[in-house]
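Visitor: Provided below for reference: sequence and predicted model.
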Amino acid sequence: MSILKIQNASKIYGSGHTQVNALKPTHFTAETGELIAVIGPSGSGKSTFLTIAGGLQKPTEGSVLINGQDVTELSEKKRSMIRLSEVGFILQASNLIPYLTVDNQFRLLDKVKKGNMNPNEKDKLFNQLGIEDLIKKYPADLSGGEKQRVAIAKALYTKPSLLLADEPTASLDSNRAFEVISILSLEVKEKNKAAIMVTHDNRLTKYCDKVFVIIDGQLSQISDGDQAYAHLNSSD
Amino acid sequence: MFLAWNEMKSAKLRFLLIIGVLTLMSYLVFLLSGLANGLAELNREAVDQWRADAIVLSDESNINLPQSSMTIQAAQNISAKNKAQIAQVLLVARKRGTKIKESVAITGIQKDQFLMPKVSEGRAFNRINEVVADDSLKADGLKIGDKLNISSSDQKLIIVGFTKKAKFNAAPVLYTTLSTVQNIKYGNGNISRKGLINGVVLRDPNFANLKVASKLKLTPIESFIENMPGYTPQKISLDFMIYFLFVIVSVTIGIFLYVLTIQKVSIFGVMKAQGISSGFLIRSVIAQTFLLALFGVFVGFVLTTITGLFLPAAVPIQLNIPVLAVYGMIFIFVATLGSLFSVQTIVKIDPVKTIGG
Ligand SMILES: Nc1ncnc2c1ncn2[C@@H]1O[C@H](COP(=O)(O)OP(=O)(O)OP(=O)(O)O)[C@@H](O)[C@H]1O
Ligand SMILES: [Mg+2]
């Protein structure tokens, strides 16, 4: 089943001569088990695409179906409930709450939603991400990479079926970056999720099942599966 | 509560300052209420001791006991079950041989009627010119056996006992016989006016059905108190200050919380992006205000109680715990109301704008 189905969605910001066609009419699907990369230059519409895919904002035209539910027809309240239960965001800017310790970031999620990871799953995730010693710290006391790893753990903790990541590896060294991608990949494959990752880092696309490029709001697939790997290898 | 509490723990200084402001405001509310209470008490404590329901005064007196005048005959014609005659004159008493002076309310009553106060020290008056005095006079240096000269009268009074809580319109009461008051007012010789008293106090819950003669006026005891000179203006001024303080509290905490909310727009935006509802965030802001106000009121209450212990007796502040509790609750309520300023801001936060990228 497709976890995400975007039909003919477009986004226009503003009107008149300040109008920006941030996303041109787009068709897109993400199936279970797929890790999808979206690359493109700055300002090309990657974040716009991701926020529309996650039901954070409505497209100007078209529809967005998350697990079969058309979120463009829902109220803000309903959309926020879908985000909470179905979508895990890893944001470009840190999505940590400054006044909560790492541990309490997760307790907050337990306050607002049932069915999150159990303690065993949580410990395993913390180990994989190497953040088990950080739980008593506040975000301000973490390095950029540590913050990002906690943010990733936070997105996975609610067991979403759709993971959306905006530059999840931006402040990680390449070892950590590869590790994070393999965790995302494993989550997606083992637990029947779909993940879309915006990245600048070409080295990471070889782990992805499909690679899309977005230029001036125009999304197009450049490769899938092994082709992606081949494509990148040949361009190196 | 979770978010509210953790945020307060992580930014202690900021929230302690807000609690500090709320503490001072609640302290002020509590002291003002104590003052209002104490001043009211000064005026009415003697009347409260009577445990009366109504009073009959002459129509011309403008519901003012010392100005009222009626005949004993008229008093006897009032058909209430439980009634007591009262005569009163406001004068200055001076302890003989000293400069100790005090404005007093010399109040004539009949010993066997319900106006007779409980004597806490000494004995009841038996003869003319013997008085049972309010025990606040002890602080002025008066004691049992002291003789008092009365301004504008050649009568000499003698203190034979004390009673507690006997101030009438802020003047200490000297309880005595009806004839003592009549002698002071009209002089020993004036037989024709011996039949005059000031009023009749009724202890009868059904007083409203009573008919009184056309020159007399029946007044419920509460309106009698409200008509005492100065009582109502004083009370209104203090009550107004307290109500106005409540408005200030609400606005002040509203502004504080609004500023805090504005500072947290991006954090709230991130949480909303994750799917945490506006309702949850609003509840957490309200819970936070509630906690702040609760702490503020608690510390304010402790400060007030400590202050109460150290106030000199001359300061008319009377702390009444049930009244403070009610004001404390109103305080917490209006403060929490102030946090509603921020609700609209939280609802309007657009997660897409705030998360950036
Ligand atoms: N709220 C908005 N109002 C008006 N224009 C916007 C708004 N958000 C984005 N844009 C414009 O839409 C275009 C796409 O923006 P978007 O944030 O999607 O780019 P991006 O690909 O994520 O860039 P980056 O790699 O720098 O994060 C940009 O030209 C941007 O200026
Ligand atoms: Mg972006």
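Guide: That came in fine, so what should we check first? Residues are numbered from 1 along each chain as shown, chains lettered A, B, ... in the order given. Ligands and ions are numbered 1, 2, ... in the order given.
Visitor: Quick check: closest non-adjacent residue to the residue positioned nearest the centre of chain A.
Guide: Here the mean C-alpha position of chain A is nearest to the C-alpha of residue A:164 (Cα atoms, centre = their mean), at a distance of 1.4 Å. Spatial nearest neighbour of residue A:164, chain neighbours left out: residue A:54 (4.7 Å); criterion: Cβ to Cβ, 6 or more residues apart in numbering or on different chains. C-beta coordinates here come from the backbone N, C-alpha and C atoms, glycine included.
Visitor: Point me to the residue of chain A nearest ligand 2.
Guide: Among all residues of chain A, residue A:47 sits closest to ligand 2, at 3.2 Å; criterion: Cβ to the ion.
Visitor: Please, which helix or strand holds that residue?
Guide: Following DSSP states H and E, one finds residue A:47 within helix A:46-53.
Visitor: Give me the next element, helix or strand, following that helix.
Guide: Beyond helix A:46-53 toward the C-terminal end (DSSP H and E), the next one is strand A:61-66.
Visitor: check whether the next helix-or-strand element following that following strand contacts chain B.
Guide: Of the helices and strands lying after strand A:61-66 in sequence (DSSP H and E), the nearest is strand A:69-70. No. No part of strand A:69-70 sits near chain B under the criterion Cβ under 8 Å from any Cβ of the partner chain; the closest distance found is 13.6 Å.
Visitor: For my notes, confirm residue B:40 occurs in a helix.
Guide: Yes. Assigned with DSSP: H, G, I helix; E, B strand; the rest coil, residue B:40 falls within a helix.
Visitor: hang on, the earlier thing: distance-wise, check the residue of chain A closest to ligand 2 relative to chain B.
Guide: For residue A:47, the distance to chain B (Cβ to the nearest Cβ, to the nearest Å) stands at 4 Å.
Visitor: Distance of that residue relative to ligand 1?
Guide: Separation of residue A:47 from ligand 1 (Cβ to the nearest ligand atom, to the nearest Å): 3 Å.
Visitor: just residue B:40 next, same as before
Guide: 61 Å.
Visitor: Verify the contact between that residue and residue B:237 for me.
Guide: No. Using Cβ atoms under 8 Å, residue B:40 makes no contact with residue B:237, being 11.9 Å away.
Visitor: Which one's more surrounded, the two?
Guide: Using other Cβ atoms under 10 Å in any protein chain shown as the criterion, residue B:40 and residue B:237 rank with residue B:40 on top: 19 against 12.
Visitor: which stretches of the stretch 1-150 of chain B form strands?
Guide: Using DSSP state E, counting those that start in this stretch, the strands found in the stretch 1-150 of chain B span residues B:54-58, B:70-71, B:83-95, B:101-109, B:121-122, B:130-134, B:147-150.
Visitor: next structured bit after the last one?
Guide: Under the assignment DSSP H and E, the closest C-terminal helix or strand after strand B:147-150 is strand B:156-163.
Visitor: which residues are in contact with that following strand?
Guide: Strand B:156-163 has contacts (Cβ atoms under 8 Å, 6 or more residues apart in numbering or on different chains) with B:93, B:96, B:106, B:117-126, B:129-135, B:137-138, B:142-150, B:174-176, B:180.
Visitor: what residues go with each domain of chain B?
Guide: In terms of domains, chain B is parsed into B:2-43+B:232-354, B:54-204 (source: automatic domain parsing).
Visitor: what stretches of the stretch 51-200 of chain B score poorly on pLDDT?
Guide: Residue ranges of the stretch 51-200 of chain B with pLDDT under 70: B:189-193.
Visitor: Over in it, which residue gets nearest chain A? Let me know.
Guide: Evaluated by Cβ to the nearest Cβ, the stretch 51-200 of chain B has residue B:165 as its residue closest to chain A, separated by 53.4 Å.
Visitor: Point out where chain A drops to low pLDDT.
Guide: For chain A (pLDDT under 70), the answer is A:92-93, A:224-236.
Visitor: near ligand 2, which residues of it?
Guide: residue A:47 (Cβ under 5 Å from the ion).
Visitor: where do the helices sit along chain A?
Guide: In chain A, helices defined by DSSP state H lie at A:46-53, A:76-86, A:102-112, A:119-129, A:144-157, A:174-190, A:226-235, listed in chain order.
Visitor: Which one of the ones you listed lies nearest to residue B:211?
Guide: helix A:76-86 (67.2 Å; Cβ to Cβ).
Visitor: Just the buried positions in the closest one, please.
Guide: For helix A:76-86, a neighbour-count test (16 or more other Cβ atoms under 10 Å in any protein chain shown) marks A:79, A:80, A:81, A:82, A:83, A:84, A:85, A:86 as buried.
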